[in-house]
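Visitor: Below: sequence and its predicted model.
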Amino acid sequence: MTGELKFIFTGTPGVGKTTAIRAVSDTVPVSTDVLATDELAAIKSHTTAALDFGELRLENGDLVRLYGTPGQERFEFMWDILAEGALGLVVLVDHSRPQAVQDMCLYLDSFKQLVARTGAVVAVTRHPQPDTAALTDYQDALEARGLCLPVLAVDIRQAEDVRLLLDVLMTTAEY
């Protein structure tokens, strides 16, 4: 008998939630991207309005359902809906943003019930040296919040990096 697992990808607009799901999904991902007409239009042409969805079949037969949240806080109502029944959270953080650590904290706070119930992994994107362990600012902020979560520098365009995030999440999450 195979199981079904549900994981959430969240983070700021443009951080790569859609890209991460697209990188590992065995099916053509469902996307609710719409034309960006607000301040995001200067950054990217489209933005996720409701969710992204993809599926990944593991070697043991388990089906992993991957959901990406809209990044904008005005779509926050979708975050709780998507988090229902989830077994873990991937927080994507754009290291090139000046407030990257605060971004991480915002999403961890918004999903604090899910994180407390299951687990999370912090994925730092756009890091100048993806193989470096110099992620102490993120780890310090987590410690200050009483959290001990894995922090990994990744390229979410690479399927192996996204699979690593999911492997770490499945190892650390309680389900």
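Guide: Now that the structure is in, tell me what you want to look at. Numbering: from 1, shown residues only.
Visitor: For the helix or strand encompassing Ala123, which strands pair with it and how are they oriented?
Guide: Ala123 belongs to strand 120-125 when assigned by DSSP states H and E. Here strand 120-125 has these sheet partners by DSSP bridges: strand 89-94 (parallel), strand 151-153 (parallel).
Visitor: Lowest mean pLDDT across the ones you listed, which one is that?
Guide: With a mean of 92, strand 151-153 has the lowest mean pLDDT of those.
Visitor: model confidence over the next helix or strand after that one, on average?
Guide: Following strand 151-153 in sequence order, the next helix or strand is helix 159-172 (DSSP H and E). Averaged across helix 159-172, pLDDT comes to 91.
Visitor: can you dump the C-alpha coordinates of helix 159-172 into CSV?
Guide: Provided in CSV are the C-alpha atoms of helix 159-172 (Å, rounded to 0.1, in the frame of the first residue of the first chain):
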residue,chain,number,x,y,z
ALA,A,159,15.9,18.8,-9.4
GLU,A,160,18.5,17.2,-7.2
ASP,A,161,18.6,20.3,-4.9
VAL,A,162,14.8,20.3,-4.6
ARG,A,163,14.8,16.5,-4.0
LEU,A,164,17.4,17.1,-1.3
LEU,A,165,15.1,19.6,0.4
LEU,A,166,12.2,17.1,0.3
ASP,A,167,14.5,14.3,1.7
VAL,A,168,15.6,16.4,4.6
LEU,A,169,12.1,17.5,5.3
MET,A,170,10.8,13.9,5.2
THR,A,171,13.6,12.9,7.6
THR,A,172,12.9,15.7,10.0
